[in-house]
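> got a sequence here, can you model it:
(2 chains)
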Amino acid sequence: MNFQQMILTLQQFWAEQNCIVVQPYDVEKGAGTLNPMTFLRSIGPEPWNVAYVEPSRRPADGRYGENPNRLYQHHQFQVILKPSPDNIQEIYLESLKRLGINPLEHDIRFVEDNWEHPGLGAWGLGWEVWLDGMEITQFTYFQQVGGIETNPVAVEITYGMERLASYIQEKENVFDLEWVNGTTYGDVFHQPEYEHSKYTFETSDVKMLFTLFNMYEQEASKAMDQHLVFPAYDYVLKCSHTFNLLDARGAISVTERTGYITRVRNLARHVAATYLEEREKLGFPMLKKGGEIHG
Amino acid sequence: MAKDLLFEIGLEEMPARFIRSAMEQLKERTVKWLDEQLIRHGDVHVYATPRRLAVLVKEVAEKQEDVHEEVKGPSRKIALDENGQWSKAALGFARSQGADPEQFTFKELGGTEYVYVSKSRIGVETSSIVAGGLLDILHAMSFPKNMRWGSYDFKFVRPIRWIVALLGSEIIDIEIAGVKSGNVTRGHRFLGGEIAIDQPSDYVEALRAGHVIADVNERQEMIVKQINGLAEAQGWHISVKEDLLEEVLFLVETPTVLYGTFEESFLHIPQEVLITSMREHQRYFPVLNSQGELLPYFVTVRNGNAEHLDVIAKGNEKVLRARLSDAKFFYEEDQKLAIKDALSKLESIVFHEELGTVGDKVRRIRRNAEKLAAVLQADASTAEAVNRTAEICKFDLVTQMVYEFPELQGVMGEDYARKAGEPEAVAKAIFEHYQPRFAGDAAPGSAVGSIVSIADKIDTIAGCFSIGIVPTGSQDPYGLRRQAAGIVQIILEHKLSLALPVLFDIALETHEHFHELKRTKDEILKDLADFFGLRIKKTLSDLVRYDVVDAVISAGYDDVVSVIARGETLMAAVSGQSDFKTTVESFGRVSNLAAKASGEKVRSDLLNEPEESQLYEAWKAVTADYREAVEKRDAGRALELISSLKNSITLFFDQVMVMAEDEAIRTNRLALLKAIDEDLKIFADFSKLVWA
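Below you'll find the predicted structure:
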């Protein structure tokens, strides 16, 4: 199964589970969790089922396209179900079967892994799912998001697409993966991997990035003053990505690090609290639909 | 008729590290509930896998036991007023017991008559209260981390997905977080399905049929047996660490051991790195040959049967290859980093907000180490190696490998330093300066490692004390107790001539040199002395009796080697010498009277009784040697010398009137006793010894 078929299969599968399938969000981010479709929609009483692919940027993991497993940008397939269904593990395992993974022929385990994102005031409990010793999925019951207790609890399922593909396609090097017949992952992503790594580690303008961080932070606050939650959140994401670039460049000392993380967290908390207020003002519209969301 | 009770909580996979204590808790809480409810029962068994916690109680009585008891109330005098009517106190007692005063009887107890009321409670059917009991037990279960799920207002370690609750063949109806109890359990996630349990006693076998080994001991034995079998068949030594075995045990419901290989070229990476990567990341057991050298194989335990093991081995090999490639990458990259560049990076790593960066710490370690080398009279080459080790001992903290595997600090430092051409003594001491890393770990083997280790540890302890971080109760976030115990261990093992006050002074002087102390030096010194006193007491307590500990500690513990030697010698004398009690009694007589002495020195010209002169001569003959023996920590010789005074002391007290009329004579006799007492007190306070 090529990379594209995997994505289509998962989209189809989760659409059948009554998820709305949305497209990747257009602001840089380190993980699908930061997409407002997850971060904001996990908050509050409204039911929410969504699935999407998320290209995720982790500047510090850039390896100039030379490392067979590490990437500046990788792909996550992200699923959020709120409230978490009682048979969610069985549903998830069913999705693996769709990808051609027969549990009887493998060793599939749920190994404790608790997830925490201090920058977003978010944490949850769950597992990494191991397929023959390889972590292929992060499975988390969100307990807190943006400093707010989740109620009901959303479950997040994040498939690491490159890892899964390298297993399914039996490839050692991520750049050899088949995206579609005749086109490899490397054909599509090798050049950007090299260039982004070079930019991140050697070329980025540290002074400009610090300036940008401050500007984004101010703009987020300004938008918050007007209760414009989604625009404010976009700037929080920009702060977060700018921080990641600075961090990867080694421009932030250990002492300063905590300070920057706290600044992003305070913004994220503020946005989260305001999102909840705004939804309440709207009367939590998704509740009125009786909890039914049609895929 | 008694029936068996089965209670199984079916869960999404619990964290392996919580399961053992959860089992114990479930057993304890179940027994406690049954006992409190006066329900007789037989043996209690607990079972656990990642997906279930279960308790099976044999022979649970059908009913609670009946209770007949007499409750004592107020005395007759208080219970009846002057008119012979029930007093307020009596009426209150009746109310509290739910009884009528008419039911009161009087009975005498110790010469006084008291009111009694007899009560009977007929036991109810177990089946009528067991549901509430199980719910109480479930609610009382506590875990280090709990979670919520779905829309339920309930917290547990992981979501509850099914419950089996049976008393005999009857289902006990309970409901929690949307789950209703029944008699249906679930077998292995992939190999088994739903299984109806007819009788509690069928539980283990029913699950076995569903490919789940519920009994923890049995499962562990299966793993160990398979590992041993594999080791024997292949001629391997498979290194099974207890904690990893425990984790694996609670990651599987049906264990099948298998092995895989990795490329021999990875064996160029230090063995510790490969082993750590396999253990920490992949939960694999490493494979060694008979010489303890790592072989390019790994052993893992599958949660399932023996089908398709080739596919699973291949998958695991692929993962490990990626992991080891990462390790290889880090290893090669780290070696491109010059030690001096690594050191400059330490300047931006905060050690502690108030105690500066790791760079600052290194400067303090160097200063401490240099002074310690001088105090310990290290030769020039040792001193040189100490200086270089102290300078670079923390450089590996900025390497990628240590960032990935913090537990490899020191291990990587040693390896990288050797590769960078540092002297062997320095490379080795970089690793050693972290020793002992945990209780039971070895002390540094070399003098260089020992000195830098002490310099580093005392810097941390004195630094924390200087800003008011002193461990109390269970609070010891910086592991200061372990570090102090480490210093004690090093001093003992190498018999270092390092008095604790000297060590404290060095450390505090260094801190003062670089920053201002937040507390007065006297306060810090006192805390340090007390803190080390407790560590030494603990070390001693493992070796000798508590009264012996007190006796030798009272004589001072500045010299750690001495106090331990004195303790062990004294213990041997107390338990081994039949006449030692009389020796100590003679010492006691000396000390009692010595307390009355003024500050005079003993004068030989004032000795006028023969026994008096004899004691003086006997003391004169041993005192210098005795003090030297104590100084040289030859506690055996010291005790022998001082004990030799026993007969002279006894004779002296038998024949000489200490409190003589003549003041000069009296003072001189007391001065003699005082001189002997002062000698005794540098060994132990013998009065602390307790005799059976």
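
> let me see the domain layout of the chain.
Going with chain A. A:3-200, A:205-286 (automatic domain parsing).

> try again with chain B
Chain B breaks down by automatic domain parsing into domains covering B:3-63+B:125-209, B:67-121, B:216-336, B:351-542, B:564-688.

> related to what we said a few turns ago, the domains of chain A: which one's closest to B:L251?
Judged by Cβ to Cβ, the one of the domains of chain A that comes nearest to B:L251 is domain A:3-200, at 6.0 Å. All C-beta spots, glycine's among them, are computed from the backbone N, C-alpha and C.

> distance between the closest one and the chain's centre?
7 Å (Cα atoms, centre = their mean, to the nearest Å).

> hmm, back to that, can you add distance to B:F156 and mean pLDDT and give the domains of chain A back as TSV?
Below are the domains of chain A laid out as TSV (distance: least, Cβ to Cβ, whole Å; pLDDT from 0 to 100):
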stretch	distance to B:F156	mean pLDDT
domain A:3-200	11	95
domain A:205-286	26	93
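
> could I get the ones you listed as TSV with mean neighbour count?
Shown next, in TSV, are the domains of chain A (neighbours: other Cβ atoms under 10 Å in any protein chain shown):
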stretch	mean neighbour count
domain A:3-200	20
domain A:205-286	17
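
> quick one: closest of these to B:H211.
Using Cβ to Cβ, the domains of chain A put domain A:3-200 closest to B:H211, at 11.0 Å.

> hmm, the closest one in reach of chain B?
Yes - interface with chain B: domain A:3-200 contributes A:67-70, A:83-86, A:89, A:93, A:103-112, A:114, A:124-125, A:127, A:131-134, A:141, A:143, A:150-153, A:155, A:166-167, A:172 (Cβ under 8 Å from any Cβ of the partner chain).

> kindly check the end-to-end length of that domain for me.
27 Å (Cα to Cα, to the nearest Å).

> go through the domains of chain B and find the least confident stretch.
Looking over the domains of chain B, mean pLDDT reaches its minimum on domain B:67-121, with a mean of 88.

> distance from the chain centre to that domain, please.
The answer for domain B:67-121 is 52 Å, by Cα atoms, centre = their mean.

> in chain A, which spans are strands?
A:20-21, A:48-57, A:73-82, A:108-112, A:115-117, A:122-131, A:134-145, A:148-149, A:155-160, A:178-180, A:183-184 (DSSP state E).

> got the domains of chain B as CSV, with distance to A:Y199 and mean neighbour count columns?
Putting the domains of chain B into CSV (distance: least, Cβ to Cβ, whole Å; neighbours: other Cβ atoms under 10 Å in any protein chain shown) gives the following:
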stretch, distance to A:Y199, mean neighbour count
domain B:3-63+B:125-209, 40, 18
domain B:67-121, 81, 13
domain B:216-336, 20, 18
domain B:351-542, 21, 19
domain B:564-688, 62, 17
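
> figure out which of those is closest to A:E195.
Among the domains of chain B, if distance is taken as Cβ to Cβ, the winner is domain B:216-336, at 20.7 Å.

> ok, the closest one near chain A or not?
Yes - for domain B:216-336 and chain A, the contact criterion (Cβ under 8 Å from any Cβ) is met by B:251-252, B:282, B:284, B:300, B:302-304, B:307-308, B:311-312, B:314-316, B:318-322, B:325-326, B:329.

> I'd like the strands of chain A as JSON lines, with distance to B:V398 appended.
Shown next, in JSON lines, are the strands of chain A (distance: least, Cβ to Cβ, whole Å):
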{"stretch": "strand A:20-21", "distance to B:V398": "45"}
{"stretch": "strand A:48-57", "distance to B:V398": "25"}
{"stretch": "strand A:73-82", "distance to B:V398": "26"}
{"stretch": "strand A:108-112", "distance to B:V398": "30"}
{"stretch": "strand A:115-117", "distance to B:V398": "24"}
{"stretch": "strand A:122-131", "distance to B:V398": "28"}
{"stretch": "strand A:134-145", "distance to B:V398": "27"}
{"stretch": "strand A:148-149", "distance to B:V398": "37"}
{"stretch": "strand A:155-160", "distance to B:V398": "29"}
{"stretch": "strand A:178-180", "distance to B:V398": "38"}
{"stretch": "strand A:183-184", "distance to B:V398": "36"}
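
> closest to B:R637 out of those?
When the strands of chain A are compared (using Cβ to Cβ), the closest one is strand A:108-112, at 58.7 Å.

> got the angle for the closest one vs strand A:122-131?
Taking axes from the mean of the first three to the mean of the last three Cα atoms, to 10 degrees, one finds strand A:108-112 and strand A:122-131 inclined to each other by 150 degrees.
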